[in-house]
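Trainee: I would like to see how this sequence folds:
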Amino acid sequence: MTQGTQSVDCLEDLKDFFQVGRLERNQRHDNHKEHLSQFVVASRRELTETIIPFFRRHPLRTVKRYDFQKFAYCVELMEDDRHLTRAGLLEIVEISETMNRRKPRHELIRILRGHTPDIRDTG
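Mentor: Next up is the predicted model:
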């Protein structure tokens, strides 16, 4: 979750509530006056045991609900090691293309290559 640095208190509250994740501050170098702060949960275990179950019990009431459902499904694919196959990785890329700001496919593949160097070509 990302907020302007002036609203970092709500991110700290999230971190305290969930007892997982970390806070990061991102310096902006564009025409925006306010830097950004993020609540980041990068641990798959923390996602599957804490974050995803919470939002399944308490669904979002905005269009972000659909992005969350897609995100949770991608995490499930990773739990089943599907991201280690070419077909599974492409499925994740195709899903992620439909989420949030919709990064171009070549950008997603570049990002994923940097995080999955040992992909097996097993289908």
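
Trainee: could you pull out the helices for the chain?
Mentor: Ranges of helices in the chain, per DSSP state H, are 8-18, 44-46, 52-57, 64-79, 86-96, 105-115.

Trainee: what about those helices, which gets the closest to S37?
Mentor: Closest of the helices of the chain to S37 is helix 8-18, at 4.4 Å (criterion: Cβ to Cβ). (Glycine included, C-beta is placed from N, CA and C.)

Trainee: Now do the buried residues in the closest one.
Mentor: Across helix 8-18, burial judged by 16 or more other Cβ atoms under 10 Å covers V8, L11, L14, K15.

Trainee: out of these, who's nearest T62?
Mentor: Set against T62, the nearest of the buried residues of helix 8-18 by Cβ to Cβ is L14 (16.3 Å).

Trainee: what about T85, neighbour count?
Mentor: As a burial measure, T85 scores 16 neighbours (other Cβ atoms under 10 Å).

Trainee: Show me what it bridges to in the sheet.
Mentor: Beta-bridge pairing for T85 (DSSP bridges): R120.

Trainee: where's it relative to I92, distance?
Mentor: 10 Å (Cβ to Cβ, to the nearest Å).

Trainee: on that earlier part again, output the helices of the chain as TSV; include the columns distance to L36 and mean pLDDT.
Mentor: As requested, the helices of the chain are exported to TSV (distance: least, Cβ to Cβ, whole Å; pLDDT from 0 to 100):
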stretch	distance to L36	mean pLDDT
helix 8-18	10	96
helix 44-46	22	96
helix 52-57	22	97
helix 64-79	18	95
helix 86-96	21	90
helix 105-115	19	62
